[in-house]
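In: Here is the input, now give the coordinates:
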Amino acid sequence: MPTSSCAPTPRPPAGTARSRTALCLVLALFAACFLALTQSSARAADLLLSRGRPVTASSTESAAFPAAAAVDGDPGTRWSSAFADPQWLQVDLGSVQQLTHVTLTWEAAYATAYQIQTSTDARNWTTVYSTTSATGGTQTLNVSGSGRYVRVYGTARATPYGYSLWEFEVYGPGGSTPPTDDFWGSTGDIPPAHNVVEVKILNRTNGKYPDSQVYWSFNGQVHSIAEQPYLDMPANSAGRMYFHLGSPDSPYYDFIEFTVGDNVFNGNTTRVDAFGLKLAMRLHTKDGYDVEVGENRQTFAEDRATTFQRFTDAVPAPFKVLAQTQAPYRIIAPGSDPSFRSGGANANYFTAYAQSVGVDAATSDIFGCAASLAGNPTMCAALNRHVATLPASQQSDPGQYYKAAPANYYAKFWHDNAINRLAYGFPYDDVAGQSSFISHSAPQWLLVAVGW
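Out: From the prediction side, this is the model:
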């Protein structure tokens with residue numbers, strides 16, 4: 001199963017108070033101390049969300065000042081940009097998070113004008129803080145909002161040099177924003193797990209199949225939702241849970257992958273091999289962390305034939321066959337189709353592009369991150385996303401992905417139709433945190449939605 005990994009002292013309140021009597025002064029000091037302690041306690045509860053997360057930048061001054069240096073926790077390393085306006089530094093938190101404050105530790109080359117912006121897709125941005133009169137140093141900024149991606153966007157420099165940050169720290173409570181619609185239904189009736197995590201399977205086939213014809217299987221157990229909608233999942237290694245519609249061995253099937261430890265859930269929805277059924281899962285943990293991945297609501301709401309047709313309409317000609325070879329049951333990954341293999345019509349789809357960056361690999365091996373690319377996830381991801389010829393600092397920027405051919409347009413489709421655009425479209429899609437992999441300790445329950 002593909003996998004991936006994961007306080008500054010607040011400024012004192014500004015302002016002074018004048019008093020006419022010693023009593024007023026004592027009361028004012030008491031109130032100020034109480035407020036400071038209260039704020040400090042609340043701030044201390046926030047988690048540092050950005051440390052060690054994937055980070056990208058509009059530019060770097062040189063290899064000595066990489067983007068990653070701004071989130072590595074080392075006060076002696078820094079990011080520095082090119083000597084031009086505008087420039088930005090962007091961190092990927094891995095999932096949509098509530099934000100409370102951001103701390104910028106500037107080097108002497110600081111921004112006088114900049115914005116703090118958030119996004120769920122690294123394409124559309126919302127400004128949560130803006131200034132045109134910054135003075136550098138260490139700045140702790142209270143912000144309100146949410147996002148998976150957070151960036152500092154500089155528009156005016158204080159010096160002739162670039163923008164330079166020792167540290168870019170993003171803080172929040174650490175739990176993703178729970179969904180606000182009724183897609184997942186009620187969660188208050190989910191029984192407590194006696195093992196590691198309680199799994200509940202949901203019928204989201206829009207009336208196509210009754211609960212008595214939505215089946216799940218795990219470790220020798222086979223049940224319909226009508227018989228048993230819950231599974232008290234024990235610790236297990238590299239497991240799969242299968243779902244079938246119509247009958248327990250129906251050709252309409254798909255699966256999720258997971259490894260469950262004594263007190264941790266690691267898992268994902270996957271399109272690495274094929275699309276079989278619409279799947280989404282939501283993990284909730286005992287510390288309040290709540291995250292969902294898989295196909296988005298619009299994809300669940302539409303008929304299966306519509307999804308197949310939209311895939312065919314969205315992808316270039318060489319990829320259209322993927323929705324035909326095993327239709328109506330599956331849309332297969334390109335590496336599995338004979339046309340992209342040796343002797344096939346598209347066997348050389350990636351050849352010239354890969355050779356331009358020094359990679360001699362078969363097209364099917366690029367799609368599958370196999371052979372010589374099995375040990376090179378960064379290059380395999382860059383080839384699939386068509387960013388291999390870009391500077392390293394831009395290869396982790398989702399805004400650059402799939403802009404030109406050759407690229408893995410099969411993977412692009414599933415990202416475009418996934419919650420927060422996170423999907424496993426090829427084996428190393430977790431590079432730069434783009435996969436549907438979720439992991440957290442103290443799991444409480446896992447919901448799995450099965451669609452048509």
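In: in the stretch 1-150 of the chain, which spans are helices?
Out: All helices of the stretch 1-150 of the chain, identified by DSSP state H, counting those that start in this stretch, fall at 22-44.
In: Skipping adjacent residues, who's closest to the residue nearest the centre of the chain in space?
Out: Central residue of the chain (C-alpha atoms, centre = their mean): residue 94, 3.8 Å from the mean position. Using C-beta to C-beta, 6 or more residues apart in numbering and skipping the chain neighbours, the partner closest in space to residue 94 is residue 433 (5.1 Å). All C-beta atoms are positioned from the backbone trio N, CA, C, and that covers glycine.
In: Distance-wise, check that neighbour relative to residue 98.
Out: Look at residue 433 and residue 98: by C-beta to C-beta, to the nearest Å, they are 18 Å apart.
In: Between these two, point out the one with more neighbours.
Out: Applying other C-beta atoms under 10 Å to residue 433 and residue 98 shows that residue 433 carries more neighbours, namely 22 against 16.
In: Provide a list of residues in contact with the more buried one.
Out: Neighbouring residues of residue 433 by C-beta atoms under 8 Å, 6 or more residues apart in numbering: 4, 53, 54, 92, 94.
In: hang on, isn't the last one packed against residue 147?
Out: Looking back up the chat, that one is residue 94. No - with contact defined as C-beta atoms under 8 Å, residue 94 does not reach residue 147; the gap is 11.4 Å.
In: Name the spans of the stretch 1-150 of the chain whose pLDDT lies under the cut-off.
Out: Applying pLDDT under 70 to the stretch 1-150 of the chain flags residues 1-45.
In: next one: the stretch 151-300 of the chain
Out: 175-177.
In: Run through the helices of it in chain order.
Out: Under DSSP H, counting those that start in this stretch, the stretch 151-300 of the chain gives helices at 297-301.
In: mind listing the strands for it?
Out: 164-172, 197-204, 214-218, 221-224, 230-233, 236-245, 253-260, 264-269, 274-275, 278-285, 290-294 (DSSP state E, counting those that start in this stretch).
In: closest to residue 353 out of those strands?
Out: strand 274-275 (24.4 Å; C-beta to C-beta).
In: ok, and what's touching that closest one?
Out: By C-beta under 8 Å, 6+ apart, strand 274-275 touches 254, 326, 330, 331, 332, 333, 336, 414.
In: Tell me how many other residues surround the fifth one.
Out: Neighbour count for residue 332, taken as other C-beta under 10 Å: 21.
In: For it, list the residues it contacts.
Out: Shown in contact with residue 332 (C-beta under 8 Å, 6+ apart): 273, 274, 322, 325, 326.
In: Top of the residues you listed by number of neighbours, please.
Out: residue 322 leads the contacts of residue 332 on contacts (other C-beta under 10 Å) with 26 neighbours.
In: Are we agreed that that one is in a helix?
Out: Yes - Residue 322 sits within a helix when classified using DSSP: H, G, I helix; E, B strand; the rest coil.
In: so it touches residue 330, yeah?
Out: No - the criterion here is C-beta under 8 Å, and residue 322 misses it with residue 330 at 9.1 Å.
In: ok so, going back, which pair in the contacts of strand 274-275 spans the largest distance?
Out: Farthest apart among those by C-beta to C-beta are 326 and 414. That separation is 16.2 Å.
In: correct me, but residue 100 touches residue 146?
Out: No - if you go by C-beta under 8 Å, residue 100 and residue 146 don't touch, sitting 10.5 Å apart.
In: Out of the contacts of residue 332, flag the one nearest to residue 185.
Out: Of all the contacts of residue 332, residue 185 sits closest to residue 274, with 27.8 Å by C-beta to C-beta.
In: what is that closest one paired to in the beta sheet?
Out: Following DSSP bridges, residue 274 is listed with bridge partners residue 332.
In: now swap in the one 10 residues further on and tell me
Out: According to DSSP bridges, the residues that bridge with residue 284 are residue 290, residue 445.
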